[in-house]
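Chemist: For reference, the sequence and a predicted model appear below.
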Amino acid sequence: QVQLVESGGGLVQPGGSLRLSCAASGSIFSINGMGWYRQAPGKQRELVAAITSRGSTNYADSVKGRFTISRNNTKNTVYLQMNSLKPEDTAVYYCNVQCTQWVHAILVPKDYWGQGTQVTVSS
């Protein structure tokens, strides 16, 4: 099994910053893609940012220029630096990890989600 522990959410005023972290642990052979998604009340979960094992990044148009995703491969951790936050960024943020695990002597791709962390942008 793989455990994902998220941290860094909270309440911030518009224009402020937050940094989210998500650490993966457990029986991992390798981690491929890592990403952050968010879900606002009454809306579908959407991709915020993603990063490949080689460091290539992808962002939602709504956060380009304000959010930065990064990862530390030695710590199996992905980060999301969020600057110039807006009220519309308010949501529960979930990290996602795509990894490979040994299952009965076979390498199998697996997809895991964090428990979610609330980000509220309000004055």
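Modeler: Structure received. Numbers count the residues shown, from 1 in each chain.

Chemist: pretty sure residue 1 contacts residue 27?
Modeler: Yes: under the criterion of CB atoms under 8 Å, residue 1 makes contact with residue 27 at 6.8 Å. In this view, the C-beta of every residue, glycine as well, is placed from N, C-alpha and C.

Chemist: Can you get me a residue count around residue 101?
Modeler: Residues contacting residue 101 under the criterion other CB atoms under 10 Å number 17.

Chemist: Just the element for it, please.
Modeler: Element membership for residue 101 (DSSP states H and E) is strand 91-103.

Chemist: And that strand, what does it pack against?
Modeler: Using 3 or more CB pairs under 8 Å, 6 or more residues apart in numbering; DSSP states H and E as the contact criterion, the elements in contact with strand 91-103 are strand 2-7, strand 18-26, strand 30-39, strand 77-82, strand 106-113, strand 117-121.

Chemist: Swap in 6 Å and give it another go.
Modeler: Contact partners of strand 91-103 among helices and strands, from 3 or more CB pairs under 6 Å, 6 or more residues apart in numbering; DSSP states H and E: strand 18-26, strand 30-39, strand 106-113, strand 117-121.

Chemist: which residues touch the second one?
Modeler: Outside of strand 30-39, the residues that reach it under the criterion CB atoms under 6 Å, 6 or more residues apart in numbering are 45, 47-53, 71, 76, 78, 80, 91-100.

Chemist: mind redoing it with 8 Å?
Modeler: With CB atoms under 8 Å, 6 or more residues apart in numbering as the contact definition, strand 30-39 has outside contacts at 20, 22, 24, 45-53, 69, 71, 73, 76, 78, 80, 89, 91-100, 109, 116, 119.

Chemist: Cheers, nothing more for now.
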